[in-house]
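S.K.: Next come a sequence and a model predicted from it.
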Amino acid sequence: IEALEKERAGLEQQLELAESESVGLKEVSKQLKAEVEQLQEQGEQLGAEKAKLVEAERAGNDRIEALEKERAGLEQQLELAESESVGLKEVSKQLKAEVEQLQEQGEQLGAEKAKLVEAERAGNDRIEALEKE
């Protein structure tokens with residue numbers, strides 16, 4: 001009987017220890033469940049943030065693409081403007097040459113006019129002299 005009582009006392013101690021461990025394990029399990037729940041919430045938040053970032057990246061890429069198209073259009077306009085500028089410079093050069101040529105012709109005509117005026121004056125003087133005779 002004494003041996004059975006000792007054995008029973010030992011079994012009761014083991015039972016208390018097992019119950020104590022069970023309570024501890026239940027507490028650990030409860031804490032782990034809370035941590036899992038918290039991590040799931042964080043995961044959902046991170047997922048939402050990732051979706052926002054992906055959308056922002058997509059919008060950014062669209063904006064970059066639009067700006068690149070705009071830049072290409074502006075480059076074409078610049079090339080056209082530069083081409084027109086070269087053409088206008090050539091026209092300007094030709095017009096300057098024409099103006100220079102017309103100025104030279106004007107100077108020649110001025111000289112011829114001066115000669116004609118001088119010839120007319122000489123002619124008038126001659127007529128006047130002849131009339132006096």
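M.R.: Cool, the structure landed. Residues are numbered from 1 along each chain as shown.
S.K.: Check this structure and tell me which residue is nearest its centre.
M.R.: Nearest residue to the geometric centre of the chain (C-alpha atoms, centre = their mean): residue 67, 5.2 Å.
S.K.: Sticking with that residue, tell me its helix or strand.
M.R.: According to DSSP states H and E, residue 67 maps onto helix 2-132.
S.K.: roughly how far is that helix from the heart of the chain?
M.R.: 0 Å (C-alpha atoms, centre = their mean, to the nearest Å).
S.K.: Quick check: which helices or strands does it pack against?
M.R.: Contact here means 3 or more C-beta pairs under 8 Å, 6 or more residues apart in numbering; DSSP states H and E; on that basis helix 2-132 packs against no helix or strand. From N, CA and C alone the C-beta is placed, and that goes for glycine too.
S.K.: And the pLDDT at the residue nearest to the centre of the chain?
M.R.: Residue 67 carries a pLDDT value of 98.
S.K.: With residue 2 as the reference, measure out to it.
M.R.: Remark: distance between residue 67 and residue 2 (C-beta to C-beta, to the nearest Å) = 95 Å.
S.K.: in stretch 11-27, what counts as buried?
M.R.: Residues of stretch 11-27 classed as buried by neighbour count (16 or more other C-beta atoms under 10 Å): none.
S.K.: Quick one: mean pLDDT over that stretch.
M.R.: Rounded mean pLDDT across stretch 11-27 is 92.
S.K.: ditto for stretch 93-103
M.R.: Rounded mean pLDDT across stretch 93-103 is 97.
S.K.: try stretch 73-80
M.R.: On average, stretch 73-80 scores 97.
S.K.: and what of stretch 118-132?
M.R.: Rounded mean pLDDT across stretch 118-132 is 95.
S.K.: can you dump the C-alpha coordinates of it into CSV?
M.R.: What follows is stretch 118-132, C-alpha atoms only, in CSV (Å, rounded to 0.1, in the frame of the first residue of the first chain):
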residue,chain,number,x,y,z
GLU,A,118,26.9,118.5,-115.1
ALA,A,119,26.4,118.0,-118.8
GLU,A,120,23.1,119.8,-118.6
ARG,A,121,24.7,122.7,-116.7
ALA,A,122,27.5,122.8,-119.3
GLY,A,123,24.9,122.6,-122.1
ASN,A,124,22.8,125.4,-120.6
ASP,A,125,25.9,127.5,-120.1
ARG,A,126,26.8,126.9,-123.8
ILE,A,127,23.2,127.8,-124.9
GLU,A,128,23.4,130.9,-122.8
ALA,A,129,26.7,131.9,-124.3
LEU,A,130,25.4,131.2,-127.8
GLU,A,131,22.3,133.3,-127.1
LYS,A,132,24.5,136.2,-126.0
